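Visitor: the sequence isn't on hand, but the structure is:
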């Protein structure tokens, strides 16, 4: 699977496969594997995990470096105090560009299979 970069400014704060999704809502999510740079925003992500306020400059890029635009923003849900590093997820809410179906065809296929 491909690794997407989660960046704050020029710093890579983590990587994710964005293995899950809700195609109907245009949402992609997955476990975030943090880099050392994540420590600079981790307290904020833990504090705001229930009531997210966007972090200015937070973005996600495809493995080929294309930025992903999201109408609903990018959210990091950090439950690591309770669950350890496996408890950190990144959510892309309302993927608009590149189109969701181009980025995550497997999510779209899984959604369609529900109705067969």
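Guide: That came through fine. Remember, it's a predicted structure, so these values are computed and weren't measured experimentally.
Visitor: and the closest residue to residue 29 other than its chain neighbours, backbone torsions?
Guide: Counting by CB to CB, 6 or more residues apart in numbering, residue 29 lies nearest to residue 91, which is 4.3 Å off, once chain neighbours are set aside. All C-beta atoms are positioned from the backbone trio N, CA, C, and that covers glycine. Taking degrees, to the nearest 10, you get phi -120, psi 130 for the backbone angles of residue 91.
Visitor: okay, strands next: where are they in this protein?
Guide: Secondary structure of the chain, counting by DSSP state E: strands at 4-8, 11-16, 20-22, 27-31, 33-34, 58-61, 67-70, 74-78, 88-92, 95-97.
Visitor: and the third one, what does it pack onto?
Guide: The reference is to strand 20-22. strand 27-31, helix 105-113 (3 or more CB pairs under 8 Å, 6 or more residues apart in numbering; DSSP states H and E).
Visitor: ok so, going back, pretty sure the residue nearest to residue 29 sits against residue 70.
Guide: No - if you go by CB atoms under 8 Å, residue 91 and residue 70 don't touch, sitting 9.0 Å apart.
Visitor: how about the nearest residue to residue 112 once chain neighbours are set aside, phi and psi?
Guide: By the measure of CB to CB, 6+ apart, the closest residue to residue 112 outside its immediate chain neighbours is residue 23, 8.0 Å from it. In terms of degrees, to the nearest 10, the main-chain angles of residue 23 are phi -60, psi -40.
Visitor: how many residues are close by residue 23?
Guide: 20 (other CB atoms under 10 Å).
Visitor: for it, what are its contacts?
Guide: By CB atoms under 8 Å, 6 or more residues apart in numbering, the contact list for residue 23 reads 100, 101, 104, 107, 108, 110, 111, 112.
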